[in-house]
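*Asks:* Any chance you could fold what I've pasted below:
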Amino acid sequence: MEASGGITLENIAEYAALGVDVISTSRLTMHPYPVDIGLEITWCRGCR
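*Replies:* Now for the predicted structure:
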C-alpha cells in the first residue's frame, strides 16, 4: 500500500507508523533550487 498527498518531512513519521509499504512525497519537485545551466558551442574549421 502507498501513502501520498500532503506528506511532509514534519508528518512522514505518522504515515510510516501506519505500516504502508511506500511513502511518496513531492519534496524533490515542489521546491527545487534554481540551477543556471549554459551551453557554449565553439566551431573550428577542419574539426570532425
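*Asks:* C-alpha from now on. contacts and neighbour counts both.
*Replies:* Fine.
*Asks:* so where's this protein shaky on pLDDT?
*Replies:* Within the chain, the ranges that satisfy pLDDT under 70 run 27-28, 48.
*Asks:* quick one: the helices in this structure?
*Replies:* Per DSSP state H, the chain carries helices over the ranges 12-16, 27-30.
*Asks:* elements contacting the first one?
*Replies:* Just to be clear, that refers to helix 12-16. Applying 3 or more C-alpha pairs under 8 Å, 6 or more residues apart in numbering; DSSP states H and E, one finds that helix 12-16 makes contact with strand 22-24.
*Asks:* Not counting the strand it packs on itself, show me its contacts.
*Replies:* Contact with strand 22-24 is made by Met1, Glu2, Ala3, Ser4, Gly5, Ile7, Ile12, Tyr15, Ala16, as judged by C-alpha atoms under 8 Å, 6 or more residues apart in numbering.
*Asks:* Just the buried residues out of those, in PyMOL syntax.
*Replies:* To isolate the buried ones among these in PyMOL, judged by 16 or more other C-alpha atoms under 10 Å, type:
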select buried, resi 3+7+12+15
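*Asks:* Including distance to Cys44, could the contacts of strand 22-24 go into TSV?
*Replies:* Listed next are those as TSV, based on distance: C-alpha to C-alpha, whole Å:
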residue	distance to Cys44
Met1	57
Glu2	54
Ala3	54
Ser4	52
Gly5	52
Ile7	52
Ile12	54
Tyr15	58
Ala16	57
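*Asks:* hang on, the earlier thing: adding distance to Cys47, write the helices of the chain out as a markdown table.
*Replies:* Shown next, in a markdown table, are the helices of the chain (distance: least, C-alpha to C-alpha, whole Å):
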| stretch | distance to Cys47 |
| --- | --- |
| helix 12-16 | 55 |
| helix 27-30 | 40 |
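*Asks:* Nice, that's everything, thank you.
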